[in-house]
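Enquirer: predicted model and sequence below, questions to follow.
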Amino acid sequence: MMVKTEEMLKNLEDLINTPSVVGFYLEIHKKLSEMVGNLGYELEFDNKRTAYVRIPGKDSSKTVCVGAHLDTIGLQVRHVMENGWIEVKNLGGVNFHNIEGENVYIHTRSGKTYEGMVICKSHSTHVFDDARSRERDMFNEAILLDEDVSCAKDVYDLGIEHGDLISVEPRFKRTESGFVKSRHIDDKAMVAAAIEVLRKLKEENLTPFYNTLFAFPIFEEIGHGGSYVPSEVSEYVALDIGLIGPDNHGSEKKVSIGASDNYSPYDWELTTKLINLAKENNVHYCVDTYYRFGSDATAAIRAGNNVTPAVFGVGCMNSHGYERTSVQAIADCVKLTKAYVLSE
């Protein structure tokens, strides 16, 4: 199976460079609509702002869902200090140790975007005794705005308000050795893989075995992206990152198939089916259990949806930081996703 690698990676870069911090869907929905529209598909939306591509199958007695979330971790304006620094709220699993010094973008409700950078309140080793030791969390970090401001009023006069959403500079880079480095590989790599599957279905004139929904939630990183599932869906396969660490078999060159996460084991039969499909299609894979990870598939069952859950995705180094995976792993996810939607 040939994957159009260059096209897929161009889509990945475009997706990563389109801000979509938790709940900020306007720009990413436009970008996704363009991408699937170029392939001849249309997006549908539910009231939770989840986007869907609906494809009729050979057998309409069953509907399966493949979900890859659009949202990324980020920040939200919490308060403006008297000196004009912006205090923030964490959206998702942000690790302030690895965003300190990073550029950020504040998205206001008027449509304007302002730049700034993340600093520790004890920002200089030349000035503060606790510059190295001060706790890195939402109470000790702030945004230094790249505007001529010196007080809270100056900031509010720009139109910045409490609740404005803040995205983090992704810094996408592709290496000659076959890696992709960037923030937000979680989960933009899997969105790009899903789009490549949609392309292959269209160009190869293939029909999924069952009615298939490709779902693109916007609230996964705070736990409720998959909490609503259309009533006709009976299986939910989340496309999400795999983890790399001492207790994991995952690597950047493999597809990780999750057997359980921090909430529940995944379905035995469906997970076994994915393992067998990986073997049959020469996918480099491993099976893993997760302790500090959840997906939209378990969000779905946690919310009471009557669905069978499973999860797989690219092995991702330095997750929720400046992440890295391989082109090979993304391509293998395309192979496994395609095999799943074509299977009985």
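Expert: Yep, it's here.
Enquirer: alpha carbons only for contacts and neighbour counts from here, please
Expert: Will do.
Enquirer: just grab the bridge partners of Leu91 for me.
Expert: Gly74 (DSSP bridges).
Enquirer: wait, it touches Arg78, no?
Expert: No. Look at Leu91 against Arg78 with C-alpha atoms under 8 Å: they stay out of range, at 11.2 Å.
Enquirer: would you list the phi and psi of the residue nearest to Ile257 when sequence neighbours are not counted?
Expert: Here the nearest residue to Ile257 in space, its sequence neighbours aside, is Phe312; by C-alpha to C-alpha, 6 or more residues apart in numbering that works out to 4.3 Å. Here is the backbone geometry of Phe312 (degrees, to the nearest 10): phi -160, psi 160.
Enquirer: which residues sit in contact with Phe312?
Expert: Counting by C-alpha atoms under 8 Å, 6 or more residues apart in numbering, Phe312 makes contact with 237-242, 255-258, 333.
Enquirer: sec struct for the residue sitting nearest the centre point of the chain, please.
Expert: Centroid-nearest residue in the chain, with C-alpha atoms, centre = their mean: Asp187, separated by 2.5 Å. Following DSSP: H, G, I helix; E, B strand; the rest coil, Asp187 is assigned to helix.
Enquirer: any idea how far His284 is from it?
Expert: Separation of Asp187 from His284 (C-alpha to C-alpha, to the nearest Å): 19 Å.
Enquirer: ok, Ala339 next?
Expert: For Ala339 relative to His284 (C-alpha to C-alpha), the value is 14 Å.
Enquirer: which residues does stretch 285-304 contact?
Expert: 67, 69, 220, 223-229, 236-238, 240, 243, 248-250, 254-264, 266, 275, 278, 307-311.
Enquirer: from those, keep the buried residues only.
Expert: Among those, those buried by neighbour count (16 or more other C-alpha atoms under 10 Å) are 67, 69, 220, 223-229, 236-238, 240, 243, 249-250, 254-261, 263, 266, 275, 278, 307-311.
Enquirer: now, those that are in helices?
Expert: Using DSSP state H, the members of the buried ones among the contacts of stretch 285-304 that fall within helices are 275, 278.
Enquirer: so which of the buried ones among the contacts of stretch 285-304 belong to strands?
Expert: Within these, residues falling in strands by DSSP state E are 67, 236-238, 255-260, 308-311.
Enquirer: got the residues you listed as a markdown table, with pLDDT and distance to Phe139 columns?
Expert: Formatted as a markdown table, these follow (pLDDT from 0 to 100; distance: C-alpha to C-alpha, whole Å):
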| residue | pLDDT | distance to Phe139 |
| --- | --- | --- |
| Gly67 | 99 | 34 |
| Tyr236 | 99 | 37 |
| Val237 | 99 | 37 |
| Ala238 | 99 | 33 |
| Val255 | 99 | 37 |
| Ser256 | 99 | 35 |
| Ile257 | 99 | 36 |
| Gly258 | 98 | 34 |
| Ala259 | 98 | 36 |
| Ser260 | 98 | 33 |
| Thr308 | 99 | 40 |
| Pro309 | 99 | 37 |
| Ala310 | 99 | 36 |
| Val311 | 99 | 34 |
